[in-house]
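Novice: Okay, structure incoming, though there's no sequence with it:
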């Protein structure tokens with residue numbers, strides 16, 4: 001299979017991981033405050049005691065599976081951009097691989113936090129809460145709590161596509177909007193809103209770039 005088509009499938013896979021993450025977040029995890037500054041650590045650890053497997057599955061999909069698919073997508077996009085904007089292509093590859101590394105690291109830390117909290121909670125509940133809170137802060141710092149790395153990469157890919165006319169207007173427009181919202185998660189008071197805009201925008205952008213790579217002549 002050619003890298004372009006494989007990258008297109010990877011883009012659709014990235015969209016699917018985001019969609020899965022949102023569905024679980026707004027249904028099963030909503031009462032715990034996940035995705036907001038008001039997350040309830042004690043409630044999370046109590047949830048882990050009864051259903052640690054769900055959190056591990058969620059973390060694995062939104063972080064680890066996403067990062068693996070993202071890596072393939074980054075390389076496929078680099079190959080597409082290289083013909084017309086080689087310098088920009090190299091920049092996007094570096095930024096994309098940095099983002100993928102941060103995402104997979106956040107996922108591994110998130111899963112270890114769940115596993116350690118699950119083992120401590122039955123006998124040392126308060127210690128389990130403290131441990132989960134600490135490791136969750138590291139997870140958020142790596143990327144779970146902000147979308148700066150992703151916003152910069154998507155924005156640069158879209159800008160490179162515009163400069164070299166190697167991507168369609170839909171991909172470029174959605175990418176610039178999504179990338180900007182991701183970078184704005186740096187502002188604390190805007191974090192929750194811009195994070196949601198980034199996540200929803202990223203789903204659409206991943207679908208658009210995925211279809212562009214799979215069917216380059218038929219996607220605007």
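Specialist: Cool, the structure landed. Nothing here was measured: the structure is a model prediction, and the numbers come from that model.
Novice: So, low pLDDT: which residues of this structure?
Specialist: 1, 35-37, 144, 216-220 (pLDDT under 70).
Novice: Let me know the outermost residue of it.
Specialist: Here the chain reaches farthest from its C-alpha mean at residue 123, the gap being 34.3 Å by Cα atoms, centre = their mean.
Novice: which ones are touching that one?
Specialist: By Cβ atoms under 8 Å, 6 or more residues apart in numbering, no residues touch residue 123. All C-beta spots, glycine's among them, are computed from the backbone N, C-alpha and C.
Novice: now do residue 145
Specialist: 139, 191.
Novice: again, only using 10 Å
Specialist: Contacts of residue 145 were listed using Cβ atoms under 10 Å, 6 or more residues apart in numbering, and they are 35, 37, 39, 106, 136, 137, 139, 185, 191, 195.
Novice: Just the closest of those residues to residue 160, please.
Specialist: Distances from residue 160 to the contacts of residue 145, taken as Cβ to Cβ, are shortest for residue 185 (22.0 Å).
Novice: Tell me, how many residues neighbour the closest residue in space to residue 78 that isn't next to it in sequence?
Specialist: In space, and not counting its chain neighbours, residue 78 is closest to residue 93: 4.1 Å by Cβ to Cβ, 6 or more residues apart in numbering. Around residue 93 there are 19 other residues, counting by other Cβ atoms under 10 Å.
Novice: Give the closest residue to residue 186 in space, chain neighbours not counted.
Specialist: Nearest non-adjacent residue to residue 186, counting by Cβ to Cβ, 6+ apart: residue 148, 5.6 Å away.
Novice: That neighbour contacts residue 142, doesn't it?
Specialist: No. Using Cβ atoms under 10 Å, residue 148 is not in contact with residue 142, being 11.0 Å away.
Novice: buried residues in the helix ranked longest in the chain?
Specialist: In the chain, with assignment by DSSP state H, the single longest helix is helix 86-120. Neighbour counts over helix 86-120 (16 or more other Cβ atoms under 10 Å) mark 88-89, 91-93, 95-97, 99-114, 116-118, 120 as buried.
Novice: Over to stretch 41-55?
Specialist: For stretch 41-55, by 16+ other Cβ under 10 Å, it's 41, 44, 45, 46, 47, 48, 52, 55.
Novice: Provide the secondary structure category for residue 122.
Specialist: coil (DSSP: H, G, I helix; E, B strand; the rest coil).
Novice: All the strands of the chain, in order from the start?
Specialist: Under the criterion DSSP state E, the chain contains no strands.
Novice: quick one, helices of it?
Specialist: 3-26, 41-59, 66-82, 86-120, 125-139, 148-164, 169-183, 191-214.
Novice: tell me the angle the third one makes with helix 86-120.
Specialist: Angle of helix 66-82 versus helix 86-120, following axes from the mean of the first three to the mean of the last three Cα atoms, to 10 degrees, is 180 degrees.
Novice: who's in contact with the closest residue to residue 55 other than its chain neighbours?
Specialist: Counting by Cβ to Cβ, 6+ apart, the nearest residue to residue 55 once its immediate chain neighbours are dropped is residue 114, at 4.9 Å. Taking Cβ under 10 Å, 6+ apart, we find residue 114 in contact with 44-45, 47-48, 52-56, 58-59, 132, 135-136.
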